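Participant: Compute the structure for the input listed below.
(2 chains)
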Amino acid sequence: MNRKALTCLILAAAMLPMFGCPKKKPATPAQDLNVDTTTVQPMAPNAPATDVPEPMAPKVDDQVEDRLLSADLQVVNDELRRRGFAADAYFQYDEASLSDETRDRLSKNADLLKGAPQLVLIIEGHADERGTNEYNLALGERRANAAKDYLTSLGVAEGRLRTLSYGEERPACTESAENCWAQNRRAHMVVTGRSNG
Amino acid sequence: MTTRRFVALSLPLLALLGTALIRAQSPTPPSPSPAPPAGAAPAPPSQPNEVTLELSRNQRAKIRLAIPNYAATGFAAAAGSAAGNELETTVRRDLDFSGYFDIQGPEQLAGLTLSGDLLRDRDVYRSAGSEVLLAGDLREEQGKVVFEGRLFDLKSGQSILAKRYRGSFATARRIGHTFADEVIRYLTGGAGFALSEIAYVSERGKIKEIWLMDYDGGNPRPLTGHRSTSMSPAWNHAGDGIAYTSFVNGPPGVYFAEVASGKKRPLVTSGSLNISPSFAPDGARLAISRSVGGNIEIFSADTSGGNLRRLTQSAAIDTSPAWSPKGGTIAFTSSRAGNPQIYLMDEEGASQRRLTFEGSYNDGAAWSPDGSEVTYATRRDGRFQIAVTNVVSQETRVITSGPGENESPTFSPDGRKVAFTSRRSGIKQIYVIDAADGANVRQVTTEGSNDMADWSRPK
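Facilitator: So this is what the prediction gives:
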């Protein structure tokens, strides 16, 4: 599009000497308008009115709107993920410390969140089914807070992040096998609203 | 009360015999099969009446108790006789499960030639090895069940205990439990637990509520209806209230339910996480674990939820407090040494010391009623089992084995049983076993998925 416009401009510039520029006409002297103000009659009450059209309302193209501004939080969460936001950061068994991979994921999340400072999140802490429910609630709390602390250290405002431990009560995967347990040892991040309304 | 003395005196005698038998067989371990009692009773040799010397932990032999069918009269409706049957079954199951008795029921007594006159029949019962006879009489009066239970000392022929109860058909189980505890108290001097209850978590359709049931799984009923995730029920010592953890208002918080009225109120709900309550014996304070900026520490609080006092100060997880039954000590789980282990501290948080050293994961301590032991879940060879550790000697025994992810143990009010959760059947259910050695396994829940039992405290 840009290239096309440029070509056109160059062509026009090249053709300009052929046509030359129109000579400027000498200004005609201003004539007094003989308007007798007294001849203007007040408008009749039922004189016809000229219709004035509404201003043009351009159609909003959905492809162009920033989906992070959507009122639908599902749309916001989907859009964040499309841009590379990791909804889950994973942990080792009985660990709340962050692996390199988990740090990478959280770091990408921090960048996206700093670019959308209006979004408020909940960080859920989860554990696999092994061990007791009570200990796993404590473990989930630590995982959620480990993720929160790391995001905060990367510049995400602390007030935007809330934590909630579910322990082993809300598993993402329900089979008793390591590949399933690994999916359940996680900090799960979800946008829950906006900071200013 | 010569008859009572008979029972009291003969028990230590049998225990001595048992000890002698074990010594005589040593080094062979005591066999579970019946062993002849080296000239104990003047029993004819041809009869199958060997005294089974199944020795319990305190080396007390079982009392041989004959329970013939109860006499039942006047039941007009099927509901009445059903209540009578339930009562009869309840008494027998309670006595059997207590572990104090070797019961000879109607099946075992079927071969005896009885006249119906107890004074004449007692020698027949004795020749079959029975020491005490339990006779029951059931009848219906004005729409209520009336039960008379009697104990006879077969040696003297005397009635040594007689009790009469009356109640609606719905109270049949309760009458049975009440009489069973009377029998146990009379014959052993110890308090039974037939009237005790277990609070637990039942998961049905993704919802976890707190439920109550009789110790044997009977009469299950919900205590909460939050339609959320509620867990970790903890009885107070008076037995009239239960603290628990619930997600009902978002973040997990500690709540309290009155058992009689079902009334609920929040106890400690501020902040992001308050879980796993345990009452002090005076009922005025409780211990919880609570998040301090993501770090989980043990706190104590008033039962009003106020006066929060922090008891632990470690950078690791400190959770699942269990206040000792006589007060003074709190057991808890800490991962301060790298993995979860059981620790003890005094109730102000001082003198924190590690109790468990075997196994890489020990969690969820519960005290024995006398305060001498704690039971907890331990991971051994990659599987969770139930362990019991003496808090003074640190001597430890593992009382479950095999697969099943066994966890959340709790002692019975007499300290002789442990209830716990196991997934051995595929779904989490609550089981009861002997605290001494894990014997006499009984599954007490069947509907839904059930977990986190807390047995009511001794009355």
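Participant: Near B:Q142, how many other residues are there?
Facilitator: 6 (other CB atoms under 10 Å in any protein chain shown). Where you see a C-beta, it was placed from the backbone N, CA and C, and this is true even at glycine.
Participant: Next one, pLDDT for it please.
Facilitator: For B:Q142, the pLDDT comes out at 89.
Participant: Pop out the phi and psi values for it.
Facilitator: phi 50, psi 50 (degrees, to the nearest 10).
Participant: Next one: it from chain A, what distance?
Facilitator: Between B:Q142 and chain A the computed distance is 49 Å (CB to the nearest CB, to the nearest Å).
Participant: Would you mind listing what in chain A touches chain B?
Facilitator: Taking CB under 8 Å from any CB of the partner chain as the contact definition, chain A meets chain B at A:94, A:129-135, A:137-139, A:141-142, A:144-146, A:148-149, A:162-166, A:169.
Participant: switch the cut-off to 10 Å
Facilitator: Taking CB under 10 Å from any CB of the partner chain as the measure of proximity, chain A contacts chain B at A:94, A:96, A:122, A:125, A:129-149, A:162-167, A:169-170, A:176.
Participant: from those residues, which would you call buried?
Facilitator: Buried subset of the residues of chain A next to chain B (neighbour count, 16 or more other CB atoms under 10 Å in any protein chain shown): A:94, A:96, A:122, A:125, A:129-149, A:162-167, A:169-170.
Participant: Inside helices: which ones of those residues?
Facilitator: Counted as lying in helices by DSSP state H, out of these, are A:133-149.
Participant: Need the per-residue pLDDT for the residue in chain A positioned nearest to chain B.
Facilitator: In chain A, the residue that lies nearest chain B is A:N145 (2.6 Å; CB to the nearest CB). Each residue has a pLDDT score; the one for A:N145 is 97.
Participant: and if you look at A:S176?
Facilitator: On the pLDDT scale, A:S176 gets 84.
Participant: Phi and psi next, for the closest residue to it other than its chain neighbours.
Facilitator: Closest residue to A:S176 apart from its sequence neighbours, by CB to CB, 6 or more residues apart in numbering or on different chains: A:E129 at 6.9 Å. Its backbone dihedrals place A:E129 at phi -80, psi -10, with angles given as degrees, to the nearest 10.
Participant: A:E129 touches B:S449, doesn't it?
Facilitator: No - the criterion here is CB atoms under 10 Å, and A:E129 misses it with B:S449 at 11.8 Å.
Participant: who touches both of the two?
Facilitator: Counting by CB atoms under 10 Å, 6 or more residues apart in numbering or on different chains, the contacts common to A:E129 and B:S449 are B:423, B:428.
Participant: neighbours around the closest residue to chain A within the stretch 151-300 of chain B, how many?
Facilitator: Nearest to chain A in the stretch 151-300 of chain B, going by CB to the nearest CB, is B:G294, at a distance of 2.6 Å. B:G294: 20 surrounding residues under other CB under 10 Å.
Participant: what's the residue nearest to it when sequence neighbours are not counted in contact with, if anything?
Facilitator: The shortest distance from B:G294 to any non-neighbouring residue, by CB to CB, 6+ apart, is to A:N145 (2.6 Å). Contacts for A:N145 (CB under 10 Å, 6+ apart) come out as A:96, A:123, A:125, A:152, A:161, A:163, A:165, A:187, B:272-273, B:291, B:293-296.
Participant: could you redo the last one with a cut-off of 8 Å?
Facilitator: A:96, A:125, A:163, B:291, B:293-295 (CB atoms under 8 Å, 6 or more residues apart in numbering or on different chains).
Participant: Turn those residues into CSV, including distance to B:D381 and pLDDT.
Facilitator: Formatted as CSV, those follow (distance: CB to CB, whole Å; pLDDT from 0 to 100):
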residue, distance to B:D381, pLDDT
A:A96, 25, 94
A:G125, 29, 98
A:T163, 35, 96
B:S291, 33, 96
B:G293, 37, 87
B:G294, 33, 90
B:N295, 32, 93
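Participant: Could you look up the SS state of the residue most central in space within chain A?
Facilitator: Nearest residue to the geometric centre of chain A (CA atoms, centre = their mean): A:L68, 2.6 Å. The three-state assignment at A:L68 reads helix, by DSSP: H, G, I helix; E, B strand; the rest coil.
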